[in-house]
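Undergrad: Provide a 3D model corresponding to the input given below.
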Amino acid sequence: QVQLLESGGELVQAGGSLRLSCAASGRTFSSLTMGWFRQAPGKEREFVAYRTWGGGSTVYADSVKGRFTISRDNAKNTVYLQMNSLKPEDTAVYYCAAGEFLSSITRRTWPGNYNYWGHGTQVTVSS
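TA: Numbers count the residues shown, from 1 in each chain. Model (predicted):
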């Protein structure tokens, strides 16, 4: 079992920055992929970014590329999502997720392939 706890979401003005944190506990293996997803009201949950725990490879959704950065602190078992130049369309509940043995980019970007989820943290960007 892996437990995930997100924090850091809040109300921010357009153009501002936020850093979300995801603290992982329980089993943490190098086979895990750590992903961030988001869900806006009335929309499906969508991929934002992922980072493989062991190799550290990262992939971003086109909508956030160049503005968001996913990183990891091994000592703290924590994954971060640094979000810069925020836009109103970034408003959503952001979820941290962990998936095991996800062997391709396609599998790592699909939320249905993730085994463990946090409760979510609300990010609201005002215009």
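Undergrad: tally of neighbours for V48?
TA: Residue neighbour count, defined by other C-beta atoms under 10 Å, stands at 24 for V48. Every residue, glycine included, has its C-beta placed from N, CA and C.
Undergrad: would you say it is within a strand?
TA: Yes - the assignment for V48 by DSSP: H, G, I helix; E, B strand; the rest coil puts it in a strand.
Undergrad: you'd agree it is up against W36?
TA: Yes - contact between V48 and W36 holds when scored by C-beta atoms under 8 Å: they sit 4.3 Å apart.
Undergrad: list the residues that contact both of those two?
TA: Residues touching both V48 and W36 (C-beta atoms under 8 Å, 6 or more residues apart in numbering): 81, 94.
Undergrad: any idea whether the residue nearest to the spatial centre of the chain is helix, strand or coil?
TA: In the chain, the residue lying closest to the centroid (C-alpha atoms, centre = their mean) is W36, at 1.8 Å. With three-state DSSP as the basis, W36 sits in strand.
Undergrad: Show me the beta-bridge partners of it.
TA: For W36, the beta-bridge partners are A49, C96 (DSSP bridges).
Undergrad: hmm, which helix or strand of the chain has the shakiest average pLDDT?
TA: Lowest by mean pLDDT, DSSP states H and E among the helices and strands of the chain is helix 105-108, with a mean of 92.
Undergrad: now the following helix or strand past that one: mean pLDDT?
TA: On the C-terminal side of helix 105-108, the nearest following helix or strand under DSSP states H and E is strand 116-117. For strand 116-117, mean pLDDT rounds to 96.
Undergrad: Stretch 93-102 too?
TA: 94.
Undergrad: got the buried residues for that stretch?
TA: Across stretch 93-102, burial judged by 16 or more other C-beta atoms under 10 Å covers 93-99, 102.
Undergrad: same question, stretch 106-113
TA: By neighbour count with 16+ other C-beta under 10 Å, stretch 106-113 contains the buried residues 108-109, 111, 113.
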